[in-house]
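Build the 3D model from these lines:
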Amino acid sequence: AVDPAATPRVGLKSFPQTLPLDDREVVLTFDDGPWPPTDRKILAVLAQECVRATFFLIGRPASQRPEMVRALAAQGHTVGHHTWTHHNLKYMKAEAAIGEIDKGIAAVEMALHGKATATPSTPFFRAPFFEITPATLEVLQRRGIAVFGADLWASDWIPMTPAQELKLLTERLQIARKGIILLHDPKAQTAAMLPAFLRFLRDNHYRVIHVIPAGAKTVTDRAQ
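Residues are numbered from 1 along each chain as shown. Down below sits the predicted model:
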C-alpha cells in the first residue's frame, strides 16, 4: 500500500527514494495505454500467472476506449494516470501542466466511474518522459498524488525483438535485484516478451508486488 503523504515520489531513475521493496521483489508498471490489441494479450498473460500490475493511462485514448479501462480495473490491476495527451510537462507552465494532468485524470475517472473529476480514485501519476518541473511536483504533492518514476526499464521504445528485450531487461534486473519496472503496453514486442519474462521471474524466485493506494479495500497481492 502506497501512502502519497509518506512517499510522494518514488523511483530511483528520477528521485532519491523508491518503494521499500525487499530483495527479488518487483512492481510491474505499463505506460501509454489503453491499447486494446496488445492490452488483451497482456491481460491474458498476467491472469494466467496470477500477477497484477499498474497501468498509467493516457486520458485521450482512455476516453476513446473506456471499455478497456474498465477491463483493466475489473481484473484487479491498479489504474494510474499519465496526462491527457502525453505532452512533456517540463516545458509547460505549471498551470498548463496541471490542466493537462487533470484532463487526463478526468478522462480515466469518466471511463471507470462515469464521472469526470480531477480527484483521482487512485492517486498515482507518472509524468511522460519522467520530466516534470519542481512547481508541478509540489502541486501534486499538496493534492496527495504520488508521482511514480521507475527503478529500471526495458527500453522498449527502441525497436528490438522480444528476445532482445527479454535479455536486456533480465540482465538489468539481475544487477538491480528489485524495483519498479517500466514497460509500455502498446508495444507489440513487450506483449510478446511478457510470458517469457514472467517465467523468468517465477523460475528465479522473484515476487511481483501489486501496489495500491493506502486505505484501499483490497489487500496487496504477492504472487509467486
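
average pLDDT across the longest helix anywhere in the chain?
The longest helix of the chain (DSSP state H) is helix 94-113. On average, the pLDDT along helix 94-113 is 97.

hmm, who's touching whichever helix or strand comes after that helix?
Going down the chain from helix 94-113, the next helix or strand is strand 124-125, by DSSP states H and E. Outside of strand 124-125, the residues within contact range by Cβ atoms under 8 Å, 6 or more residues apart in numbering are 2, 54, 56, 78, 80-82, 101, 105, 140, 145-148, 211, 213. Just so you know, the C-beta spots here come from the backbone N, C-alpha and C atoms, and that holds for glycine as well.

if we can go back for a sec, output the contacting helices and strands for the longest helix of the chain.
helix 59-64, helix 66-74, strand 78-81, helix 134-142 (3 or more Cβ pairs under 8 Å, 6 or more residues apart in numbering; DSSP states H and E).

Quick check: L19 vs G11, distance?
Here L19 is placed at a distance of 8 Å from G11 (Cβ to Cβ, to the nearest Å).

ugh, wrong one, I meant D156
Taking Cβ to Cβ, one finds D156 at 17 Å from G11.

How about I101?
17 Å.

In space, what's closest to K178 - neighbours in sequence excluded?
L21 (4.6 Å; Cβ to Cβ, 6 or more residues apart in numbering).

what about that neighbour, how many neighbours?
L21 has 18 neighbouring residues, counting by other Cβ atoms under 10 Å.

Could you do the one 3 residues further on as well?
Neighbourhood size, R24 [other Cβ under 10 Å]: 13.

Show me the shaky parts of the chain.
Within the chain, the ranges that satisfy pLDDT under 70 run 217-224.

what about the longest strand in it?
Taking DSSP state E as the assignment, the strand of the chain that covers the most residues is strand 25-33.

Just the buried residues out of the contacts of strand 124-125, in ChimeraX syntax.
A single ChimeraX command selects the buried members of the contacts of strand 124-125 (16 or more other Cβ atoms under 10 Å):
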select :2,54,56,78,80,81,82,101,105,140,145,146,147,148,211,213
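
contacting residues for G179?
G179 touches L12, T18, L21, V26, V27, A150, D151, L152, L173, counting by Cβ under 8 Å, 6+ apart.

ditto for G11
Contacts here follow Cβ under 8 Å, 6+ apart; on that basis G11 touches T18, F130, F148, G149, A150, D151, I180.

How much space separates the residue nearest the centre of the chain from A96?
The centroid of the chain falls nearest to T29 when counting by Cα atoms, centre = their mean (3.5 Å). Note on T29: its distance to A96, by Cβ to Cβ, is 26 Å.

got it, and D32?
For D32, the distance to A96 equals 21 Å [Cβ to Cβ].

Please say which of those two ends up with more neighbours.
Taking other Cβ under 10 Å, D32 and A96 do not tie; D32 has more neighbours (20 against 13).

these two touch, right, the more buried one and T190?
No: counting by Cβ atoms under 8 Å, D32 stays clear of T190, with 10.4 Å between them.

what touches both of these two?
H184.

follow-up on the earlier one: name the residues contacting each of L19 and G11.
Common neighbours of L19 and G11 (criterion: Cβ under 8 Å, 6+ apart): I180.

Need the three-state assignment for the nearest residue to A71 once chain neighbours are set aside.
Nearest residue to A71 in three dimensions, chain neighbours excluded: L43, at 6.8 Å (Cβ to Cβ, 6+ apart). Classification of L43 using DSSP: H, G, I helix; E, B strand; the rest coil returns helix.
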